[in-house]
Structures are given as C-alpha cells and as structure tokens.
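**Q** here are the coordinates; sequence isn't available:
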C-alpha cells in the first residue's frame with residue numbers, strides 16, 4: 001500500500017514558520033498540519049496545492065508516494081521522484 005511522504009516540516013522549519021502560521025495561511029487547524037507532518041492524514045488536492053504554493057513549490061516536490069516493501073514476499077521498495085521511479089532493495 002502506498003504511503004504519502006511529505007516535506008512540509010522540513011520546508012516549514014527552513015523558513016522559520018510555526019505550524020499555526022502555516023495552518024492560518026491555508027485555512028486549516030494547526031492539528032491538521034501536525035497530522036500531515038506525522039503522516040496520519042492525506043491532504044485533499046486543494047490543500048496540497050495551497051501548501052505547495054506557500055513554499056513556492058510544486059505538489060510533486062512537497063509530496064511523494066512510496067511503496068512499502070512487502071516483508072513476506074520481498075517486493076522491492078519504489079520511490080516516485082518526479083515522474084520517474086527509483087528502485088531500492
């Protein structure tokens with residue numbers, strides 16, 4: 001099952017922004033930002049675009065899906081980078 005990985009915290013901290021400040025800018029509660037940063041919530045497309053706009057990034061730069069490895073069958077781990085996949089074992 002794909003897992004959504006975000007770079008929200010990394011970019012927010014890089015510019016010295018608090019979670020509450022980002023939440024205010026994109027019109028959500030601070031808890032929503034907390035859940036996004038901790039991988040407990042997947043944003044709507046609109047929210048993903050709004051957050052990406054705050055950091056002057058594309059959605060693809062801020063979010064990526066990772067396929068988790070299957071420990072039973074040994075499937076490889078694939079990471080989407082832009083429009084390409086990089087395989088890792």
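**A** Everything's here; your move. In this text the structure is predicted, and so the values were computed from the model without any measurement.
**Q** got the buried residues for the longest helix along the chain?
**A** As assigned by DSSP state H, the longest helix anywhere in the chain is helix 45-54. For helix 45-54, a neighbour-count test (16 or more other Cβ atoms under 10 Å) marks 47, 48, 50, 51, 52, 54 as buried. Where C-beta positions appear, they are placed from N, C-alpha and C, glycine not excepted.
**Q** The residue lying closest to the last one once chain neighbours are set aside: how many residues sit nearby?
**A** Counting by Cβ to Cβ, 6 or more residues apart in numbering, the nearest residue to residue 54 once its immediate chain neighbours are dropped is residue 25, at 5.3 Å. Counted by other Cβ atoms under 10 Å, the residues lying close to residue 25 total 14.
**Q** what helix or strand is residue 25 on?
**A** helix 19-26 (DSSP states H and E).
**Q** Which stretches in this protein count as strands?
**A** 2-6, 63-67, 77-81, 84-88 (DSSP state E).
**Q** just checking, what packs against the helix holding residue 25?
**A** If you count contacts as 3 or more Cβ pairs under 8 Å, 6 or more residues apart in numbering; DSSP states H and E, helix 19-26 packs onto helix 8-14, helix 30-37, helix 45-54.
**Q** Buried residues of it, list them for me.
**A** Buried residues in helix 19-26 (16+ other Cβ under 10 Å): 19, 22, 23, 26.
**Q** For the protein, which residues score under the pLDDT cut-off?
**A** By pLDDT under 70, the low-scoring segments of the chain are 69-89.
**Q** can the helices and strands packed on helix 19-26 go into JSON lines with extra columns for distance to residue 2?
**A** What follows is the helices and strands packed on helix 19-26, written out as JSON lines (distance: least, Cβ to Cβ, whole Å):
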{"stretch": "helix 8-14", "distance to residue 2": "18"}
{"stretch": "helix 30-37", "distance to residue 2": "16"}
{"stretch": "helix 45-54", "distance to residue 2": "15"}
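**Q** right, so of these, which gets closest to residue 63?
**A** helix 45-54 (5.9 Å; Cβ to Cβ).
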